[in-house]
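*Asks:* From the sequence below, what's the structure:
(chains A and B)
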Protein chains: 2
Amino acid sequence: MKFYEDCEGITEPQGFFATGVPCNIMGKNNGKLDLGLIYSPRPCSAAGTFTTNDVKASPVRYCINRLKDSKQIFHGVVANSGNANACTGVQGDEDCSKMASETARHLKVHSKEILVCSTGRIGVQLPMSRITAGIADACQDAIEELDGGKAFQEAILTSDTRTKSCSAQIQTSSGKVTIGGTVKGAGMIQPDMATMLAFLTTDAMASSSFLKECLLDAVDQSFNRMTIDGDMSTNDSVLFLANGFSNVDIQHESSDVVSEFRKAVIRVCSCLARKCVTDGEKVTKFVEIQLQGAKNDDDADKVARCIANSLLVKSSWYGSDPNWGRIVDAAGYAKVGLDFDKFDLSYNDVPAVRQGQPLQANQAKWKEIVSQKSFVIKINLNAGKGSVVLWSNDLSEEYVNYNKSE
Amino acid sequence: MKFYEDCEGITEPQGFFATGVPCNIMGKNNGKLDLGLIYSPRPCSAAGTFTTNDVKASPVRYCINRLKDSKQIFHGVVANSGNANACTGVQGDEDCSKMASETARHLKVHSKEILVCSTGRIGVQLPMSRITAGIADACQDAIEELDGGKAFQEAILTSDTRTKSCSAQIQTSSGKVTIGGTVKGAGMIQPDMATMLAFLTTDAMASSSFLKECLLDAVDQSFNRMTIDGDMSTNDSVLFLANGFSNVDIQHESSDVVSEFRKAVIRVCSCLARKCVTDGEKVTKFVEIQLQGAKNDDDADKVARCIANSLLVKSSWYGSDPNWGRIVDAAGYAKVGLDFDKFDLSYNDVPAVRQGQPLQANQAKWKEIVSQKSFVIKINLNAGKGSVVLWSNDLSEEYVNYNKSE
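*Replies:* Residues are numbered from 1 along each chain as shown, chains lettered A, B, ... in the order given. Predicted structure coming up:
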């Protein structure tokens, strides 16, 4: 497998075009690219996964409905930043449909064949006249087959400090297949904009149900492994489009190739998820929690999330303080029946607690590890075979300052 | 009912003595009172409620064991701040027992008759020689029947900015009965010291099972209504002692008097809990969430806790930003089946969202309310009869700064 970071992302696979245009959605007149379009002249199969928040934004409900029909084909995705189109009622639903129909009209496809994503402020109606003007511009770019993967990456950002993309290429018996992806960050970000949007494309030929299978598996091992501030957005969406441009029918390849394709999707998602966790200008550390020895995987997940979401734990990481007491405390309130006398904890490969006993001799080493920009906390509950890996980060004063008002 | 705040607290009821002495537990030689003693020459019945964290500090396990025997009598409580005696293994258990036995030896009672509480750093052994010296001093004060309620209040503080106490007095057919209490803060506090300890005393005569009933009911309506940073300590404890000094056998009073007594316990606990939430120098706002219209009380609690623990919501309160979008988002990820089209939200008595529609005309009023030091957020899910009240506060930059290292 060949793997690339910081590339064109979603336009790396053949037959996908993209762009990003400024249409002044927030009314700040700052020229920010805030409307993006992915376009494939060849029809695509597609799959998606979405926020499980009870309150779902209009475009999330729109995409869920569109993707219900597994035979439905798609030609693209229109996405905007600056406004989430969430909690916007009937007007919001109409505006979302209009984003699809306007895009479809310019691209001369059916409006059902366009997916829609939004990210930004909650509870504010979209400025539709500016958005329809932006859609016209974006479609013009797309019709001219612009390879604007980077512009699309920029258009979906809110307070992310950088674009995020990667691609993977695998060899099959019938030729090469490429998977590309991009994402905008989650949490630690601008007020009201705690949304993750991710887009994946591939030039493989695949059914929507196969795509969905690959996607759910990959999301479970990547985006669902991140926990930043514990807030889950109304708009989180991951979309995966396959246009078959490579003429490789991936499902009819050997099981080794199919497995390689699945791995490539996982690798793309993992790379994007890690970029999400490390981006956000208010984050100073990337922390991987490797937890094993729980009674089962669910228990492992509960314990790791209590640790990763504890304000006291996150604050101590920010201060480079290897505060294992707070970690034990957080692990304990997951209430999975933790026995501290069996508890092991290491920072990277340096043991800090063994069978509930602190190893004070190593203290200088832990302190050094926790002062690094990235480290791993390994925990063994020694109670079973359940395990999990979670990616998290610290909580900085700047986070609070950044999020205290609009 | 007569009610007093900022009084002697636990020594307001007759026959209770208390003190606080400095014994340099943290080794800082700053003269802080860090060991407290409550003493009743008359034997007391007692009840307690404790952290449900899987990891319980030695003194918590000690008290739970002591209180198992409902016939056991008690003469007092020894409590220290600066060290939690948590995650300290067999040595921690021995030290905890020694705190009880040393206190008992000086007071000439049985060591089983002394309860023990600790709060402070996790994972560090107690400095026992300094503690036993402190216990000797404290017992001397107690034997001299010192009315040192205030000194005790001080001795249990960690980073709390002030002592917290109150008392209630009710009239019965056989005379007056007093209930006194004190508490040290939870969360938003010094590194490793996120512990709440509360102590209640009464000169009523009551069985331990009756005390426990009153206490659980009151704790459910007070301490369990607070949520500050979502972290639950290894040491949280609430103890209630009754010495019968008033000669009022409360359980044989009329049902009206019994009910008045229960209400007095609730009022003492509520007052102490509110003081906990508003104290902590890094807190700038007290926010009461009144949530109703959930399918049941459990759902109401889930939704209110998601709101109260959301970093984005708490940050916006700090910034005086009436950000109802973030509140709706947090309510949605409680996943109780929230229907936003039925969602009502008010700041104090000013409606902000009605049936999912924002009432923009009131925006200036909400902003004014959220800039106050204390306000109420009223939410109606309009889906049933479940309701809850939660007390919370904001998240300040100073919180992170304060907790980033030891």
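*Asks:* Tell me the helix or strand right after the lengthiest helix in chain A.
*Replies:* With secondary structure taken from DSSP state H, chain A has its longest helix at helix A:255-278. Using DSSP states H and E, the helix or strand that follows helix A:255-278 towards the C-terminus is strand A:286-294.
*Asks:* Against which helices or strands is that next one packed?
*Replies:* Packing partners of strand A:286-294 (3 or more C-beta pairs under 8 Å, 6 or more residues apart in numbering or on different chains; DSSP states H and E): helix A:255-278, helix A:297-309, strand A:374-380, strand A:386-393. (Each C-beta comes from the backbone N, C-alpha and C, glycine too.)
*Asks:* show me the contacts for A:Arg42.
*Replies:* By C-beta atoms under 8 Å, 6 or more residues apart in numbering or on different chains, A:Arg42 lies in contact with A:Gly15, A:Asn243, A:Gly244, A:Phe245.
*Asks:* residues contacting the residue lying closest to A:Tyr318 once chain neighbours are set aside?
*Replies:* Leaving aside its sequence neighbours, A:Tyr318 sits nearest to A:Asp394 (C-beta to C-beta, 6 or more residues apart in numbering or on different chains; 4.0 Å). A:Asp394 is in contact with A:Val283, A:Thr284, A:Lys285, A:Val287, A:Lys314, A:Ser315, A:Trp317, A:Tyr318, counting by C-beta under 8 Å, 6+ apart.
*Asks:* Sort out which one of these lies nearest chain B for me.
*Replies:* Within the contacts of A:Asp394, distances to chain B taken as C-beta to the nearest C-beta reach their minimum at A:Ser315, with 3.9 Å.
*Asks:* Confirm that the closest one sits in a helix.
*Replies:* Yes - A:Ser315 forms part of a helix when assessed by DSSP: H, G, I helix; E, B strand; the rest coil.
*Asks:* just checking, it touches B:Asn403?
*Replies:* Yes - if you go by C-beta atoms under 8 Å, A:Ser315 and B:Asn403 touch, sitting 3.9 Å apart.
*Asks:* okay, these two: which has more neighbours?
*Replies:* A direct count of neighbours by other C-beta atoms under 10 Å in any protein chain shown for A:Ser315 and B:Asn403 places B:Asn403 higher, at 32 against 25.
*Asks:* For B:Ser259, see how far away that one is.
*Replies:* 42 Å (C-beta to C-beta, to the nearest Å).
*Asks:* Which residues of the stretch 1-150 of chain A lie near chain B?
*Replies:* Counting by C-beta under 8 Å from any C-beta of the partner chain, the residues of the stretch 1-150 of chain A close to chain B are A:Thr52, A:Asn53, A:Asp54, A:Val55, A:Lys56, A:Ala86, A:Cys87, A:Gly89, A:Arg121, A:Ile122, A:Gly123.
*Asks:* most neighbours, which of those residues?
*Replies:* Going by other C-beta under 10 Å, A:Ala86 tops those with 31 neighbours.
*Asks:* Quick check: it touching A:Arg61?
*Replies:* No - checked against C-beta under 8 Å, the pair A:Ala86 and A:Arg61 is beyond contact range at 10.0 Å.
*Asks:* among the helices and strands packed on strand A:286-294, which is nearest A:Ser237?
*Replies:* helix A:255-278 (13.1 Å; C-beta to C-beta).
*Asks:* Could you check the closest one and say which residues are buried?
*Replies:* Going by neighbour count (16 or more other C-beta atoms under 10 Å in any protein chain shown), the buried part of helix A:255-278 is A:257-258, A:260-262, A:264-278.
*Asks:* who does that helix touch, helix- and strand-wise?
*Replies:* strand A:2-5, strand A:165-172, strand A:175-184, strand A:197-202, helix A:208-220, strand A:286-294, strand A:386-393.
*Asks:* List the contacts of A:Asn247.
*Replies:* A:Ser174, A:Gly175, A:Met205.
*Asks:* run the last query once more with 10 Å
*Replies:* Residues near A:Asn247 by C-beta atoms under 10 Å, 6 or more residues apart in numbering or on different chains: A:Gln14, A:Ser174, A:Gly175, A:Val177, A:Asp203, A:Ala204, A:Met205.
*Asks:* A:Ile377 now?
*Replies:* Residues near A:Ile377 by C-beta under 10 Å, 6+ apart: A:287-291, A:304, A:307-308, A:313, A:317, A:322, A:324, A:327, A:345-348, A:352, A:366, A:369-370, A:390, A:392.
*Asks:* swap in A:Ala18?
*Replies:* By C-beta under 10 Å, 6+ apart, the residues touching A:Ala18 are A:8-11, A:36-40, A:76-77, A:138, A:141-142, A:146-153, A:155, A:180, A:182, A:199, A:201.
*Asks:* Give me the phi and psi angles of the residue with the largest distance to the centre of chain A.
*Replies:* The centre of chain A is farthest from one residue, A:Ala361, which by C-alpha atoms, centre = their mean lies 40.0 Å away. Main-chain torsions, A:Ala361, degrees, to the nearest 10: phi -60, psi -30.
*Asks:* okay but A:Ala46 is in contact with A:Lys212, surely?
*Replies:* Yes - shown here, A:Ala46 and A:Lys212 form a contact pair, counting by C-beta atoms under 10 Å, at 8.9 Å.
*Asks:* Which neighbours do those two have in common?
*Replies:* Common neighbours of A:Ala46 and A:Lys212 (C-beta under 10 Å, 6+ apart) are A:Leu67, A:Ser70, A:Ala206, A:Phe240.
*Asks:* In helices, which of these fall?
*Replies:* Among the shared contacts of A:Ala46 and A:Lys212, the residues falling in helices (DSSP H) are A:Leu67.
*Asks:* Show me the two of the shared contacts of A:Ala46 and A:Lys212 that sit farthest apart.
*Replies:* Distance extremes for the shared contacts of A:Ala46 and A:Lys212: the farthest pair is A:Leu67 and A:Ala206 at 14.4 Å, using C-beta to C-beta.
*Asks:* Right, I'll call it a day here.
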